[in-house]
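Q: A predicted structure for the sequence below; I have some questions about it.
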Amino acid sequence: QPCFESTSDYLNLRLNHTMQTIGKSLKEALVCAHSEDRLTVGVYESAKIMTEDPDSVSFCVLAMDEEFECDIALQIHFTLIQSFCFDNDISIVRVGDMQRLAEIVGDKADQLEDTHCILITNPADGSWEDPALEKLHLFCEESRRLNDWVPEIHLPER
């Protein structure tokens, strides 16, 4: 049992471990959904799914990096997507590394614009459980309880 100088040292270590675990869970959920063809990639494609079949959406990932921070149109889309997720009880997170996200979901590097929004949809037959996705839902629920409505998750390195 390591010795900590203060309670905050211990809490920081626990938080760091939790964030690493959540990042790994997000990667696992994305890889699983990708292999089962349950990913929707792209802001417009995601908006279309949310409008046509909101009950099919299980999880939403918004990705932003410094290059796109000043894109007002994208910020408006993000605001609308976030509102939609809140209204429909869809868990939502932010990711800051679009390059890493694109690698995980299998997009080519030149199609990074398309990874600003990624949806994980439920399987058609409804008979499925994904432990990684369940961890993410619990994390989002806890974050909302702490008034962090769109928590940021850091994806693990390769």
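A: On my side now, so go ahead.
Q: Who does residue 39 form a beta bridge with?
A: residue 120 (DSSP bridges).
Q: ok, it - how many residues close by?
A: 22 (other C-beta atoms under 10 Å). (Each C-beta comes from the backbone N, C-alpha and C, glycine too.)
Q: hang on, isn't it packed against residue 115?
A: No. Judged on C-beta atoms under 8 Å, residue 39 makes no contact with residue 115 at a distance of 10.3 Å.
Q: between these two, what contacts are shared?
A: The overlap between the contact sets of residue 39 and residue 115 (C-beta atoms under 8 Å, 6 or more residues apart in numbering) consists of residue 105.
Q: In terms of secondary structure, what does the longest strand along the chain contact?
A: Of all segments of type strand in the chain, defined using DSSP state E, the longest is strand 57-63. For strand 57-63, the elements it packs on are helix 7-35, helix 43-52, helix 72-87, strand 91-95, helix 98-105, strand 117-121, helix 131-145, judged by 3 or more C-beta pairs under 8 Å, 6 or more residues apart in numbering; DSSP states H and E.
Q: the bottom helix or strand of the chain by mean pLDDT?
A: helix 7-35 (a mean of 76; mean pLDDT, DSSP states H and E).
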